[in-house]
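Undergrad: Provided below for reference: sequence and predicted model.
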Amino acid sequence: MSKRFCLIASLCAMLCGHGLYAQDNNRRMLGIDEMFRLADENSSSIKSYSTGKDAAAMALKSAKAQRLPDINASLSASYLGDGNLWDRDFSNGQTISMPHFGNNFALQASMTVYAGGAINSGIALAELGEQMATLDWQKNRQDIRFILTGYYLNLFKLNNQAEVLEKNIELTKLVIKNMVARRKQGSALKNDITRYELQLENQKLQLTKVNDAKKIMNHQLVTRAHGAIVYERFNDKLVGKGYALEYLLDRIGEEYGDVFDAYMVFDADNLLSEDYISRMNETFSDGYRIITSYRNSKNYGDNWISAGYALWCSKRRQHQGDH
């Protein structure tokens, strides 16, 4: 690809090829140990600190090597062929046979006897550097594990909440059924039925919110475990995608500088064509600075929320002239 892209995804589905609940037709459960293993193998932050730890270990070896003797050896060989003699006017030339082989071998050894404590001090400094690098690596590794564990426990909490709501919905449906039967007998009012119907709709709404939170938490967990760089923002006053993207771009600018040519923004539930990135890159390389792509709804019949968004998306395409 001729251009470098930074893929900014709220919780991009592309990064969740497999995980706790990767796809409905390919579910996979991760235990804590496997989740930690994935983080150790894929986290760019852990890899960065691990590289620093390895570099500190090499620096310590180099410092200790100053105590060892320095040995240099050299070997050379030479050959002198026959000689040619001439008079000053380059006449009367004659050849003199004088072949001669020569060789030379040298071995030199040196060792520092006294350096005023510089070598020991250098070793001590390198040991401190290695200890600091190891501690930094361990701290970063533990921080990521704490974050993953928090996601993991939150996911279980949400699962429990969903199970409770599902049971409450079943119980409320049963109550409504009994209330309808009682109303036919004249022992219940329509207001009683309406109250429980409203309670049922509220429970369904809560279940939808919990299921959405589960998807978000699962995506956060999977992206962290598979090495994605995740930026989290906690602001209950400036709410919305615009504020989130502004915060994200500021963070990227602070940490990486102006090194990326383009950014791509996705929602958590977006599905991309296999050639999507290459096609977008071709258009970007043609000189277009802001690009949007064809979008369509994929789950119109899932629930009333997806149906509403699908209608809005269809209306928007008609307004833009898409047919």
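TA: Great, that's in hand. Residues are numbered from 1 along each chain as shown.
Undergrad: show me where the stretch 151-300 of the chain has strands.
TA: 262-266 (DSSP state E, counting those that start in this stretch).
Undergrad: Low-confidence ranges, it, go.
TA: Along the stretch 151-300 of the chain, segments meeting pLDDT under 70 span 300.
Undergrad: which residues in it form helices?
TA: Ranges of helices in the stretch 151-300 of the chain, per DSSP state H, counting those that start in this stretch, are 190-225, 241-256, 276-285.
Undergrad: Rebuild the ones you listed as a markdown table, extending it with distance to residue 154 and mean neighbour count.
TA: Every C-beta, even on glycine, is put in place using the N, C-alpha and C of the backbone. Shown next, in a markdown table, are the helices of the stretch 151-300 of the chain (distance: least, Cβ to Cβ, whole Å; neighbours: other Cβ atoms under 10 Å):
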| stretch | distance to residue 154 | mean neighbour count |
| --- | --- | --- |
| helix 190-225 | 5 | 17 |
| helix 241-256 | 20 | 13 |
| helix 276-285 | 31 | 15 |
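Undergrad: mind putting those in TSV, distance to residue 78 included?
TA: Output for these, formatted as TSV (distance: least, Cβ to Cβ, whole Å):
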stretch	distance to residue 78
helix 190-225	65
helix 241-256	58
helix 276-285	60
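Undergrad: Out of these, which is closest to residue 87?
TA: With Cβ to Cβ as the criterion, residue 87 lies closest to helix 276-285 of the helices of the stretch 151-300 of the chain, at 76.2 Å.
Undergrad: How far off centre is that closest one?
TA: When C-alpha coordinates are averaged (Cα atoms, centre = their mean, to the nearest Å), helix 276-285 and its chain have centres 22 Å apart.
Undergrad: Repeat that for stretch 133-147.
TA: In terms of Cα atoms, centre = their mean, the centre of stretch 133-147 is set 16 Å apart from its chain centre.
Undergrad: Report the rounded mean pLDDT for that stretch.
TA: Mean per-residue pLDDT for stretch 133-147: 87.
Undergrad: So which of the helices of the stretch 151-300 of the chain is nearest residue 304?
TA: So among the helices of the stretch 151-300 of the chain, helix 190-225 is nearest, using Cβ to Cβ, at 9.4 Å.
Undergrad: before we move on, the earlier item: right, and the helices of the stretch 151-300 of the chain - which one's nearest residue 153?
TA: Nearest of the helices of the stretch 151-300 of the chain (Cβ to Cβ): helix 190-225, 9.9 Å.
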